[in-house]
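> can you look at this prediction? I've put the sequence above it.
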Amino acid sequence: MERLSGLDRSSRWVGISTLILAYCVMTSVVAAAQKKPLPPALLNARVAFLTGQPRINPQLPPAEEALRKWARWELTYDSEVTDLILLITEKSDPDIFLNPAAAELARQYKPGVAVFLHVIDRTNGTVVWTEAIKGKMSDVSTGRKLVENLRKRLPKK
């Protein structure tokens, strides 16, 4: 009987150790993603196009206002003459673009509890940066907060 309880304690210790290790790995991956180098397409862009999924959503006016106040990029309404497409959506992975970082973000946020800002290089359709914050699409301040988070991450020109 004593041996079984020793095995039970040992099994619990292994289980707890595994959980602690998994947590440490996951937090280090998230921290590394937040410190990853900024892509040249994001740093060198001059013109940006703001849109959303759905196209008409309450996030766009406050996000546009924050972008105009920031004045890092010239904003355009023509997606053909832009360097970057800034897409605000509640999808962790915009279906029509390539997004290698989407899998990690999808694990962090359950559907419907976060809003994402995907920065897309228009020349090749690749998502070069993604910001996400907890919130709903109906909360108009979320778009502004996403732009402010991106602004904090980018160096001043």
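That came through fine.
> hey, let's count contacts and neighbours off CA atoms from now on
Will do.
> now the strands: where do they sit in the protein?
Secondary structure of the chain (DSSP state E): strands at 47-53, 74-76, 84-89, 114-121, 126-134.
> what angle sits between the third one and strand 114-121?
In this case it means strand 84-89. 160 degrees (axes from the mean of the first three to the mean of the last three Cα atoms, to 10 degrees).
> and strand 84-89 with strand 47-53, angle?
Using the same axes, to 10 degrees: strand 84-89 against strand 47-53 is 20 degrees.
> thinking again about what came up before, can you say which of the strands of the chain is nearest to K156?
K156 sits nearest to strand 74-76 of all those, at 15.4 Å, using Cα to Cα.
> quick one: buried residues of that closest one?
Neighbour-count burial for strand 74-76, counted by 16 or more other Cα atoms under 10 Å, picks out L75.
> against which helices or strands is it packed?
Other helices and strands packing on strand 74-76, by 3 or more Cα pairs under 8 Å, 6 or more residues apart in numbering; DSSP states H and E, are strand 47-53, helix 60-70.
> starting from that strand, tell me which strands it pairs with and how they run.
strand 47-53 (parallel) (DSSP bridges).
> residues of the strand it pairs with that come out buried?
For strand 47-53, by 16+ other Cα under 10 Å, it's V47, A48, F49, L50, T51, G52.
> over to stretch 134-141?
So for stretch 134-141, counting by 16+ other Cα under 10 Å, buried means G135, K136, M137, V140, S141.
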